[in-house]
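In: Task: produce atomic coordinates for the following.
(one chain, ligands or ions: 2)
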Amino acid sequence: MATPQLAGIPVLILKEGASRSREREAQHANIMAAQIVAEAVKSALGPKGMDKMLVDSLGDVTITSDGRTILDEMEIEHPAAKMMVEVAKTQDNEVGDGTTTAVIVAGELLAKAEKLVDKSVHPTIIIDGYRKAADRSLETLEKIAIPVKPKDKAFLKKVAMTAMASKLVAENRDYLAEIAASAILHVAQEVEGQYKVDLDDVMVEKKAGESLTATKIIEGVVLDKEVGHPGMPKWVEKAKIALLNTPLEIEKTEFDAKINIERPEQLDAFLKQEENMLKDMVEKIAEKGTNVLVCQKGIDDMVQHFLARRDIIAVHRAKESDMEKLAKATGGKVVANLDDFSEEDLGYAELVEERKIGDDKLTFIEGCRNPRSVAILIRGGTERIVDEAERSIHDALCVVRDVVQEPKIVAGGGAPEMEVARVLREYADTLPGREALAVQQYAEALEAVPTTLSDNAGLDPIDIISELRARHEKGEVWAGVNVFEGKVDDMKKLEVLEPLAVKKQIIKSATEAASMLLKIDDVIAAGKMKGPPTPPKGLPETEYEGEE
Ligand SMILES: Nc1ncnc2c1ncn2[C@@H]1O[C@H](COP(=O)(O)OP(=O)(O)O)[C@@H](O)[C@H]1O
Ligand SMILES: [Mg+2]
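Out: Ligands and ions are numbered 1, 2, ... in the order given. Here you go, the predicted model:
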């Protein structure tokens, strides 16, 4: 853009180094960046999707096929590309699964929109068409969804298994799905005829070692901490648990203090006094009947020694999040000042025990006052496996929660997307010209899901999609891609089941992001804009610096 001239004097309204791009150019650049992001996660979709090895700036390696994790670790800078990362985040926060799909659909919606813009359809009309298509999609999904019983474990397990089908841990998904379903059922609470699940009630800890099938569910809390002092008991029954958030040490003064000691007795007296102060602390804890102490701050060696003498188990430097979980599980209260500590603040558990897990010692708190508290201790061959297992179990827990809270499911494998696309095409015929075009493109964008699943399974997407279209025309609602046998199949019969909530959220997040990016016709950057992530093969590079 040429700088505007006013009687020969250039008028500058942006600070030096700022860049600006407008209208088609801005739109094109944004869409391109968003598509590059979608392209980057495509190959990870579905059970036949590939994993990605991501190395961060510190050299730490993550191996994953989880959409959100991939995008998080990519450290994306381009503003439009960042919005795609937001899509994955929203999807993850709302329903916990379908992150890759949402990003792919958003990218596809933008690609199709660009085709329309090239045919001079105004973005506003596209956005309107997309909105209508999204509404119709949500309606259709509701209509085809199958109601289930919220506590039907068999179904819940299948949903969890579908969520883990695409993960590194797929081989053990039967075992892990059982754990995820049990854990969620354990914490589900009935409120006015509906079930509510707070995922925070399920604690997830991990320790490398043994194998995935050694992963266990514990009715209580697990702390990745060992008991502080060798003289302390290794286990306590009927535990009365004090939760403290104050250091049990003699605080160092902020300034340098000097004490002049002239005689040895003075030193003795001084040390004695320190010791008495520490003893006092222990007394305040012990006199309330405490036999387990979990402290968020440090505990002085001397205090540990005194605690051991009173047969009190103590764990120090516990995580804040663990303190909150402990309070909830044991019915105790985290106390910040020892002088305020009273008997009512004590939590209760049947058993507190330190156990050796692999090379480490962990503290187990079982049979808590709150019977709903539950923990999952993930085991697995290596650090990377337990990390990916944690992400997979997160997805599994989320989808089970989704179904418990909204007990409706759909089949997967691209079947619902194909069915919605079919309905949208019918719907498009009832709309005026340009809007109809937008709705048709929306339908095509949804077909990216079965297309990508086929692609990743090494199948010919063109064959598969045309067969899928034909079978959906014939009324086979659950016809989808059987990626293992390489053919079109009834996904419901194959028991590839997913929460309705996930599919609905994909429509919402993808449409929102696409509309938002389409509305932008002016990008003004105060500094120089960073370039887009490197495009994968096949996509052209674009210029992102703006003008001037
Ligand atoms: N056994 C299966 N056969 C075909 N498709 C499957 C199967 N299991 C899962 N899928 C499909 O894989 C897709 C999910 O893949 P995933 O990699 O988990 O991505 P997302 O991050 O979107 O959840 C869904 O469309 C789901 O229906
Ligand atoms: Mg998934």
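In: Doesn't Ile127 lie inside a helix?
Out: Yes: assigned with DSSP: H, G, I helix; E, B strand; the rest coil, Ile127 falls within a helix.
In: Please name the nearest non-neighbouring residue to it.
Out: Spatial nearest neighbour of Ile127, excluding adjacent residues (CB to CB, 6 or more residues apart in numbering): Ser515 at 4.7 Å. Where C-beta positions appear, they are placed from N, C-alpha and C, glycine not excepted.
In: likewise Gln189?
Out: Lys196 (5.2 Å).
In: The one you found reaches Arg372, doesn't it?
Out: No: Lys196 lies out of contact with Arg372 (CB atoms under 8 Å); the separation is 11.4 Å.
In: okay, and the common contacts of the two?
Out: Gln189 (CB atoms under 8 Å, 6 or more residues apart in numbering).
In: Run a quick neighbour tally on the residue nearest to Gln189.
Out: For Lys196, the count of nearby residues is 13 (other CB atoms under 10 Å).
In: Could I get the contacting residues of it?
Out: Lys196 neighbours (CB under 8 Å, 6+ apart): Ala188, Gln189, Glu190, Gln405.
In: For the residues you listed, which single residue is the most surrounded?
Out: When neighbours are taken as other CB under 10 Å, the top entry among the contacts of Lys196 is Ala188 (21 neighbours).
In: nearest spatial neighbour of it, skipping sequence neighbours?
Out: Nearest non-adjacent residue to Ala188, counting by CB to CB, 6+ apart: Tyr195, 4.6 Å away.
In: For Ala177, give me its contacts.
Out: Lys157, Lys158, Ala160, Met161, Met164, Ala396.
In: hmm, back to that, for the residue nearest to Ile127, pull up the helix or strand it's in.
Out: Taking DSSP states H and E as the criterion, Ser515 maps to helix 500-519.
In: Distance from the chain centre to that helix, please.
Out: Chain-centre distance of helix 500-519: 18 Å, with CA atoms, centre = their mean, to the nearest Å.
In: what comes up buried for it?
Out: Judged by neighbour count (16 or more other CB atoms under 10 Å), helix 500-519 contains these buried residues: 500-518.
In: Give me the mean pLDDT for it.
Out: The predicted model assigns helix 500-519 a mean pLDDT of 93.
In: quick one: is it near ligand 1?
Out: No: Helix 500-519 is not in contact with ligand 1 by CB under 6 Å from any ligand atom; minimum separation 7.4 Å.
In: all strands in the stretch 151-300 of the chain, in order from the N-terminus.
Out: Assigned by DSSP state E, counting those that start in this stretch, the stretch 151-300 of the chain shows strands spanning 189-191, 194-196, 202-208, 216-218, 220-223, 235-244, 292-295.
In: Make CSV out of the contacts of Lys196 and add pLDDT.
Out: Below are the contacts of Lys196 laid out as CSV (pLDDT from 0 to 100):
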residue, pLDDT
Ala188, 90
Gln189, 89
Glu190, 88
Gln405, 94
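In: of those residues, closest to ligand 1?
Out: Among the contacts of Lys196, Gln405 lies closest to ligand 1 (CB to the nearest ligand atom), at 18.1 Å.
In: Next one: that closest one from Glu444, what distance?
Out: Per CB to CB, to the nearest Å, Gln405 is found 32 Å from Glu444.
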